[in-house]
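In: curious how this folds, go ahead:
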Amino acid sequence: MLLQGKFKLENDVETVWMFVSDPAKVIECAPGLQNYTVGEGKRVSASVKVKIGFISSVFQTNSKMTSEDPAGHSASLELTGSGSGSAFHGLVGIKVTGSNSSSEVAWEADMSISGPLGSLARPLIEGNVKKIVDQLFDCVKGKLS
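Out: Numbers count the residues shown, from 1 in each chain. Model prediction:
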């Protein structure tokens, strides 16, 4: 499942990049976050409560940066998680472009989901995942305002 989006901010590129490339700042915006640790190499382990359709569970998630280009303001990460017999794996890319007065953040996620969550109708999953991502980025926007 490929998901993508973008949003604009009234902040310069460097300020936005410094925030979105810091997993300790971004993870605090995750909806349903219960606890987390940030380790060496920007690795994050977190417990996140998620409700999609009739399935509600605490997912144990892990992410690691797979590539980072600070000069080009882009990064890629791998995201995995499991809970209630379901699991997900995703490759996520993010790129910040803009000027000294405004920025645009573009993101793309290629996700695969297995187990009971994977058996739900694709539009239901996509709609709920998009809602979670929108909540995360609304928080990021708020923290940068």
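
In: for stretch 5-22, which outside residues touch it?
Out: Residues from elsewhere that reach stretch 5-22 (CB atoms under 8 Å, 6 or more residues apart in numbering): 25-26, 68, 70, 73, 75, 94, 96-107, 130, 133-134, 137, 140-141, 143-145. In this view, the C-beta of every residue, glycine as well, is placed from N, C-alpha and C.

In: of the residues you listed, which belong to strands?
Out: 68, 75, 94, 96-98, 103-107 (DSSP state E).

In: out of the residues you listed, which one sits closest to residue 115?
Out: The closest of the ones in strands among the contacts of stretch 5-22 to residue 115 turns out to be residue 107 (CB to CB; 24.8 Å).

In: wait, that closest one touches residue 4, no?
Out: Yes: using CB atoms under 8 Å, residue 107 makes contact with residue 4 at a distance of 6.6 Å.

In: which one's more surrounded, the two?
Out: residue 107 (18 against 11; other CB atoms under 10 Å).

In: and that one, what does it touch?
Out: Shown in contact with residue 107 (CB under 8 Å, 6+ apart): 4-6, 92-95, 133.

In: over to residue 137?
Out: With contacts defined as CB under 8 Å, 6+ apart, residue 137 is in contact with 5, 7, 29, 105.
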